[in-house]
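**Student:** mind folding the following:
(chains A and B)
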Amino acid sequence: MVEFIDVVKKFGDKTVLNGLSFRIVPNTMNQIVGEQSSGKSTILKMIYGAVKPDRGYIRAFDADVSNLKYSGIILLRRYLGIIFEDIRLIKGLTVRENISTIIKMTKRDLYFSEEIFDILSIGHLLEKYPRELSLSEQSLVNIVRGVVFNFPLVLADEPLRYLSYEYKRKVIELFKHLNRQKGITFLIASQNILDDDFNVIFIGNDESR
Amino acid sequence: MSRDNVDIALFFVVVAFVLTMTILMSIFFGINRYITDKKSNIPMYVFCQTKANDKDIQSLADKLKQQNSISRINIISKEDAYRDMVSKFSIDKNLFEGNPFPYSLEIFFKPKYTNSNFFARFEQNLKKTNIVEDVNFPLKFLKNIEDVKKKVSMLSKSILTILYVFEFVVFVSIISILYSHKKEDFDTLKFFGIKRIRIFSMFLKKTITPTLFAFFVSLVFVVLIYSLYDEYANIYYVSKEIFKDSIKTTFIINVFIGFLFIFLSSGFVFFTKDEKV
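**Tutor:** As a prediction, the model looks like this:
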């Protein structure tokens, strides 16, 4: 589903990824583990085409992302659920609109897993605007937006950062449930191992582990 | 400044733009039309030979009326000229042996043709006519008024051009701020596979909506100014008729220019600031 072969990425003089290779197979739970600024977010951004590698090959589904034109990248993103590290809810829209706008604007009629609202207890937030929510509530909406349409691949960048222990467990259970029931593949970036069942890719200094 | 405040700022800028430019343009139009009217009221006098009779004069007047450049012709008979002269200057009738005055024509031209060059050419042609003795017109006054008209026209065009350029820069600046406020949202939408053209149309909607409201409010103000001017004001150089006539035209022109500016500045801002992230 996702493949990195000998990927190199530098930001100025700093080499963030140096010949990184890994493969993600469908219907699995995967995690990229590394220290802060080790390139975890960069890997996810490379998969959805927001960052280009300096060298190497990146495949997502059947597309060569490293050589894909912008129109192709836009098309590829329609099959990805993205959970952003910086949350990125659209300020002028309600929670419901934030979630539905993705399919409305691409004119798709996708199945909407409304039970997720109950699992994460955000049903009462649907008509509120992001400014009316706490950081942890915004974070939950960010997570829901990434998984609610059952996209085949979900890229989650530090999804549990702003959540309490109780909600961290709920979200991990939700991810595992969606993986088991709907066959969704997850690639989660975080600084620690979240669950023993996840396949782990170590990067940076953690590569030695 | 929050997003809503930028929308409100854009709304007020557009209202200020439409009202300022409409009123200023109306005043310039008014002054320009006043000068044009004055200019087109300068006649050319054609004095005929004394042997010319009624029939000859009428035939000449009819021939001239067919010309596109002429707006109207007054025929001044020998008797009218004589009576006019005697009454105006209180001359003793006994000084004259009969009526020494010839027939004459007072020719008024359309504004476009009321200029010294055309008058000079017209004079040359008229003098070729058998019954025409002499042609006269106030050349110096005509040249002065042409000069004033040219200067007023240039001044108004310069002021309007400078203001339009400033307005465009203001629009671009305020729309840039609006875009900066929305940039993160637009980038987020791109990460979910929304095309840039769709995002541009969203952005246009964001800029056009306050503009539409602004035009509506400006219309209310223009109607109010129109009524107040009609009721209470009357600037000598900008008569009620001229002001009322021109304000409608200038309002429509400025609404059109306003739309064009908003559309162009939105496009300019979007395509210079938006990135393929």
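
**Student:** ok, residue 91 - how many residues close by?
**Tutor:** In the absence of a named chain, chain A is used. 15 (other C-beta atoms under 10 Å in any protein chain shown). (Each C-beta comes from the backbone N, C-alpha and C, glycine too.)

**Student:** actually, chain B is the one I wanted.
**Tutor:** Count around B:Ile91 with other C-beta under 10 Å applied: 12.

**Student:** and for B:Glu231?
**Tutor:** 9.

**Student:** ok now do A:Ile119, which residues does it touch?
**Tutor:** Residues in contact with A:Ile119 (C-beta atoms under 8 Å, 6 or more residues apart in numbering or on different chains) are A:170, A:174, A:177.

**Student:** from B:Lys88, how far out is it?
**Tutor:** Using C-beta to C-beta, to the nearest Å, one gets 105 Å for the distance from A:Ile119 to B:Lys88.

**Student:** which other residues reach the helix or strand of chain B with the lowest mean pLDDT?
**Tutor:** When the helices and strands of chain B are scored by mean pLDDT, DSSP states H and E, helix B:78-89 comes last with a mean of 78. With contacts defined as C-beta under 8 Å, 6+ apart, helix B:78-89 is touched by B:76, B:91, B:93, B:96, B:99-104.

**Student:** could you redo the last one with a cut-off of 10 Å?
**Tutor:** By C-beta atoms under 10 Å, 6 or more residues apart in numbering or on different chains, the surrounding residues in contact with helix B:78-89 are B:47-48, B:50, B:52-54, B:57, B:74, B:76-77, B:91-93, B:95-96, B:98-104.

**Student:** quick one on the thing from earlier: what is the nearest of the contacts of A:Ile119 to B:Asp62?
**Tutor:** Of all the contacts of A:Ile119, B:Asp62 sits closest to A:Leu174, with 98.0 Å by C-beta to C-beta.

**Student:** helix/strand/coil for the closest one?
**Tutor:** Classification of A:Leu174 by DSSP: H, G, I helix; E, B strand; the rest coil places it in helix.

**Student:** where does the closest residue to it other than its chain neighbours land on pLDDT?
**Tutor:** Leaving out its chain neighbours, the residue that sits closest to A:Leu174 by C-beta to C-beta, 6 or more residues apart in numbering or on different chains is A:Ile119, at 5.5 Å. A:Ile119 carries a pLDDT value of 90.

**Student:** with B:Thr161 instead?
**Tutor:** What the model reports as pLDDT for B:Thr161 is 96.

**Student:** what's the burial count for it?
**Tutor:** 10.

**Student:** just the closest of the contacts of A:Ile119 to chain B, please.
**Tutor:** Checking the contacts of A:Ile119 against chain B by C-beta to the nearest C-beta gives A:Leu174 as the nearest, at 20.0 Å.

**Student:** so the closest one touches A:Ile116, yeah?
**Tutor:** Yes: assessed by C-beta atoms under 10 Å, A:Leu174 is found in contact with A:Ile116 at 6.8 Å.

**Student:** what do the two both touch?
**Tutor:** With C-beta under 10 Å, 6+ apart, A:Leu174 and A:Ile116 have common neighbours A:143-144, A:147.

**Student:** what sits against residue 52?
**Tutor:** Looking at chain A here, since you left the chain open. A:9, A:45-46, A:58, A:65-68, A:73.

**Student:** try again with chain B
**Tutor:** B:Ala52 neighbours (C-beta under 10 Å, 6+ apart): B:59-60, B:78, B:102-104, B:130-133.

**Student:** are any of those buried, and if so which?
**Tutor:** B:60, B:78, B:102-104, B:131-133 (16 or more other C-beta atoms under 10 Å in any protein chain shown).

**Student:** tell me which stretches of the chain form helices.
**Tutor:** Chain wasn't specified; assuming chain A. Ranges of helices in chain A, per DSSP state H, are A:40-47, A:70-77, A:95-105, A:115-119, A:135-147, A:165-182.

**Student:** not what I meant, chain B
**Tutor:** So, for chain B - with DSSP H - the helices run B:3-40, B:54-65, B:78-89, B:116-127, B:139-191, B:196-232, B:240-273.

**Student:** may I see the ChimeraX selection of the buried members of the contacts of A:Lys52?
**Tutor:** In ChimeraX syntax, the buried subset of those is picked out as below (16+ other C-beta under 10 Å):
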select /A:9,45,46,58,65,66,68,73
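
**Student:** in stretch A:37-50, which residues are buried?
**Tutor:** Buried residues in stretch A:37-50 (16+ other C-beta under 10 Å): A:38-50.

**Student:** that one close to chain B?
**Tutor:** Yes: Stretch A:37-50 is in contact with chain B by C-beta under 10 Å from any C-beta of the partner chain, via A:45, A:48-50.
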